[in-house]
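Q: mind looking at a prediction? Sequence and model below.
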Amino acid sequence: MESNKKVSVKQMIKDLNLEIAYMPEDVDYDITSSDINRPGLQFAGYFDHFAFERLQVVGKSEYSYLEKMDSEIKKQRFEDIYKHEIPAVVVTRGLEPRPESIDMAKKYKRIVLKTNQPTTKFMSKASNYLSDLLAPTQTIHGVLIDVYGIGMLITGESGVGKSETALELIKRGHRLVADDAVEISKVEDNLLLAQAPEMLRYFMEIRGIGILDVKSLYGTGAVKGKKIIDLVIELENWSEGKYYDRLGIDQEFTNILDVDVEKLTIPVKPGRNLAMILEVAARNHRQKSMGYNAAKDFNERLMSRLIDR
């Protein structure tokens with residue numbers, strides 16, 4: 001997945017514990033794509049559509065192919081690759097980079113790295129790592145709770161009772177992911193992964209009390225680091241005369257990072273047990289995702305009864 005974010009090669013070296021085979025002084029490159037390229041076709045001489053902007057990974061297959069290649073051709077292939085502004089080359093399985101590779105890296109000031117990990121394992125790890133850091137992000141004011149396994153993003157105007165409702169849900173055994181600020185990343189075309197900013201992680205603000213450390217108060221089982229957003233709940237003060245869906249047939253969505261997420265608007269007024277309502281909303285959402293929609297079933301029964309009359 002492409003994004004306008006970037007990860008420096010030096011940061012990746014540190015985070016993935018990679019070994020440096022060659023790195024020019026005062027040189028660093030940025031990685032802007034989570035996709036990874038194995039330059040087998042380039043070693044064969046085919047450079048059309050060469051994805052040079054990606055991290056280049058050389059495994060045992062490419063290494064074995066190079067061993068059978070004439071030394072002059074081998075040198076030319078490495079030059080053709082390194083004259084492109086590639087972020088870095090990673091040689092896997094504990095293999096030593098070819099001398100021709102190091103020579104051309106020095107000539108064009110490119111970075112060559114090593115790892116003992118198997119090629120497939122490293123590519124999966126690196127791709128996940130880059131996808132996480134390069135994913136488009138957005139911060140939303142709200143509270144994210146894991147309710148019966150459903151990632152529930154609670155939004156609404158300040159003072160409507162988001163944190164208080166979330167605290168009651170935590171007391172009932174559900175888990176806090178983020179309060180006040182929710183950092184959302186688009187990890188796939190239709191998946192939004194959210195977490196709290198590091199400074200706010202596991203903390204809540206309750207007006208009249210102040211800051212609470214939920215992990216210390218309720219234990220590690222009351223918090224969760226990250227969660228996919230499945231459902232958005234918008235709390236709003238009850239407005240007399242406003243139409244609120246009473247059957248649940250009307251389906252509303254909200255768009256976050258170009259992903260449509262189902263949204264429910266819950267009116268708030270004294271006497272309503274919001275925590276219980278949100279628990280039911282989570283159960284009902286799970287039931288609908290498994291193929292059963294109570295509102296549609298009720299409507300079909302009602303229409304059938306009217307037709308029979």
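A: Thanks, I have the structure now. Numbering: from 1, shown residues only.
Q: for the rest of this, base every contact and every neighbour count on C-alpha atoms.
A: OK.
Q: so for stretch 105-116, mean pLDDT?
A: Taken as a whole, stretch 105-116 has a mean pLDDT of 96.
Q: tally of neighbours for the closest residue to I102 other than its chain neighbours?
A: Nearest non-adjacent residue to I102, counting by Cα to Cα, 6 or more residues apart in numbering: Y22, 6.8 Å away. By other Cα atoms under 10 Å, 19 other residues sit near Y22.
Q: so what's Y22 up against?
A: Listed by Cα atoms under 8 Å, 6 or more residues apart in numbering, the contact set of Y22 reads I102, A105, K106, R110, I111, V112, L113.
Q: turn the residues you listed into CSV, including secondary structure, neighbour count and distance to L192.
A: CSV is the format used below for these (DSSP: H, G, I helix; E, B strand; the rest coil; neighbours: other Cα atoms under 10 Å; distance: Cα to Cα, whole Å):
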residue, secondary structure, neighbour count, distance to L192
I102, helix, 19, 41
A105, helix, 23, 39
K106, helix, 16, 42
R110, coil, 25, 35
I111, coil, 24, 33
V112, strand, 23, 34
L113, strand, 20, 32
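Q: out of these, which is nearest to E168?
A: Within the contacts of Y22, the smallest distance to E168 is 50.6 Å, found for L113 (Cα to Cα).
Q: quick check: S158 is in a helix.
A: No - counting by DSSP: H, G, I helix; E, B strand; the rest coil, S158 is not part of a helix but coil.
Q: hmm, back to that, the residue nearest to I102 pairs with what?
A: V112 (DSSP bridges).
Q: centre of the chain to stretch 296-309, how far?
A: Centroid separation for stretch 296-309 versus its chain: 43 Å, with Cα atoms, centre = their mean, to the nearest Å.
Q: now do the helices in the chain.
A: Here the chain has its helices, by DSSP state H, at 9-15, 40-43, 60-67, 71-82, 99-108, 119-134, 162-171, 214-218, 274-289, 294-308.
Q: just send these back as a markdown table, with distance to D146 too.
A: Converted to a markdown table, the helices of the chain look like this (distance: least, Cα to Cα, whole Å):
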| stretch | distance to D146 |
| --- | --- |
| helix 9-15 | 29 |
| helix 40-43 | 45 |
| helix 60-67 | 43 |
| helix 71-82 | 47 |
| helix 99-108 | 49 |
| helix 119-134 | 21 |
| helix 162-171 | 9 |
| helix 214-218 | 14 |
| helix 274-289 | 9 |
| helix 294-308 | 23 |
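Q: deepest of these, which one?
A: helix 162-171 (a mean of 20; mean count of other Cα atoms under 10 Å).
Q: one step back: make a markdown table from the contacts of Y22 and add distance to M303 to it.
A: What follows is these, written out as a markdown table (distance: Cα to Cα, whole Å):
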| residue | distance to M303 |
| --- | --- |
| I102 | 75 |
| A105 | 73 |
| K106 | 77 |
| R110 | 70 |
| I111 | 69 |
| V112 | 69 |
| L113 | 68 |
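Q: pick out the most distant pair among these.
A: K106 and L113 (13.2 Å).
Q: OK, contacts around T137?
A: With Cα under 8 Å, 6+ apart, T137 has these contacts: E183, I184, S185, K186, L257.
Q: ok, now with 10 Å
A: T137 makes contact with S3, K5, E183, I184, S185, K186, V187, L192, L193, A194, I256, L257 under the criterion Cα atoms under 10 Å, 6 or more residues apart in numbering.
Q: can you lay out these as CSV showing neighbour count?
A: Formatted as CSV, the contacts of T137 follow (neighbours: other Cα atoms under 10 Å):
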residue, neighbour count
S3, 14
K5, 14
E183, 20
I184, 24
S185, 23
K186, 23
V187, 20
L192, 25
L193, 20
A194, 26
I256, 15
L257, 15
